[in-house]
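A.B. asks: Here's a sequence, model it:
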Amino acid sequence: MEDKLFLVDVIMRLDTFLSKNANLSRAQANKVIKAGNVTVSNKIIEKPSYTLKIGDKVSFRPLQEETSEILKPKDDVKLDFVFKSDDFCIINKPRGMVVHPAPGHYDDTLVNYLFNQGLNFDFSCDDGENIRPGIVHRIDKDTQGLLAVAMNEETQTLLQQEIRDREFHRTYLALVYGDVPDKRFRIDAPLTKPNHSCKKAKVDIYNGRDAVTHCVKLSSTGKVSLLKCTLETGRTHQIRAHLAYIGYPIVGDSLYGKNNDDKSISKGQLLSAYSLSLIHPYTMKRMTFYAPIDEYFKKVLRFFYK
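C.D. replies: Residues are numbered from 1 along each chain as shown. Take a look at the predicted model:
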């Protein structure tokens with residue numbers, strides 16, 4: 001396995017530098033450093049907090065286990081494939097499953113489980129040894145529903161271009177608090193992106209990116225309303241932030257909504273990515289897929305519509 005070489009252009013800690021530039025988590029970076037696999041300007045450094053200077057040359061050799069750790073799933077989970085082909089697949093992601101490995105979720109994500117499904121991915125990692133799935137877009141951990149995964153880099157590029165061209169249509173079902181008055185409405189409110197200092201997307205007319213959501217009211221009890229929401233754009237937390245912004249937060253959304261006293265609402269926001277429509281990148285035919293709402297969504301609906 002070849003060493004990787006980086007040139008430092010800003011002063012920072014060694015472990016922070018590796019996590020930002022070498023596609024490693026902070027824990028993985030620390031492990032590589034303490035194993036003596038990192039040199040700074042030809043000197044072995046085993047202290048993660050070592051401060052780099054501008055102009056330093058950082059070289060590191062990935063640990064064998066680090067390159068394969070992300071591929072090994074924690075459990076043998078069988079994914080729900082709505083569609084599968086040699087070019088891409090559509091998965092009904094369960095509620096509670098994180099899409100990409102991240103701090104606290106290194107071996108129990110959709111990416112991990114994809115490698116345990118016998119699929120033939122045609123991707124090369126930076127080290128040329130491992131493969132990775134082509135996640136086309138994301139949905140939140142506590143949102144259940146449809147997600148597209150490309151089997152090769154060309155297909156991923158084409159499908160993501162469809163998203164930019166707004167030919168990739170994603171529709172959600174959302175249960176919100178309140179009696180929404182309009183049958184059909186459009187929310188056009190620019191959003192900022194959540195970050196470490198602020199976990200919520202916020203409406204910001206001057207600094208936010210354009211964000212548009214189209215909504216249709218399907219039913220209402222007076223206390224809650226069931227909406228069909230179609231994304232025109234696809235900003236992080238877009239539907240959750242938009243509905244909260246107009247005063248109708250999603251039921252079960254502790255981040256954008258309100259705390260729930262009822263114990264039946266305990267598994268996250270009542271949001272389901274129930275429909276996905278795309279143009280096949282090679283046949284050029286439009287394909288539309290559907291996924292039923294999960295048992296948790298049904299349970300909460302029964303609670304409010306009893």
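A.B. asks: so where's this protein shaky on pLDDT?
C.D. replies: Where the chain drops to pLDDT under 70, the residues are 1-3, 63-75, 102-106, 123-132, 196-197, 259-264, 266.
A.B. asks: domain assignment for it?
C.D. replies: 4-65, 81-304 (automatic domain parsing).
A.B. asks: Quick one: end-to-end length of the last one, please.
C.D. replies: In terms of CA to CA, to the nearest Å, the two terminal residues of domain 81-304 are separated by 30 Å.
A.B. asks: Would you mind giving the domains of the chain as CSV with mean neighbour count added?
C.D. replies: The way it works is simple: take the backbone N, C-alpha and C, and place the C-beta from them, glycine included. Formatted as CSV, the domains of the chain follow (neighbours: other CB atoms under 10 Å):
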stretch, mean neighbour count
domain 4-65, 16
domain 81-304, 17
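A.B. asks: and the longest helix for the protein?
C.D. replies: Across the chain, the longest stretch assigned as helix under DSSP state H is helix 153-164.
A.B. asks: who's in contact with the helix or strand that that one is followed by?
C.D. replies: Following helix 153-164 in sequence order, the next helix or strand is strand 169-177 (DSSP states H and E). Here strand 169-177 makes contact (CB atoms under 8 Å, 6 or more residues apart in numbering) with 137, 143, 145-146, 218, 223-231, 234, 239, 243, 248-252, 257-258, 269-278, 293, 297, 300-301, 304.
A.B. asks: Which helix or strand lies directly C-terminal to strand 169-177?
C.D. replies: strand 184-188.
A.B. asks: who does whichever helix or strand comes after that next one touch, helix- and strand-wise?
C.D. replies: Next along the chain after strand 184-188, taking DSSP H and E as the criterion, comes strand 212-220. When contacts are defined as 3 or more CB pairs under 8 Å, 6 or more residues apart in numbering; DSSP states H and E, strand 212-220 packs onto strand 184-188, strand 224-231, helix 238-245.
A.B. asks: Give me the contact list for strand 212-220.
C.D. replies: Strand 212-220 is contacted from outside by 173, 179-180, 182-188, 225-233, 238-239, 242-243, 305, using CB under 8 Å, 6+ apart.
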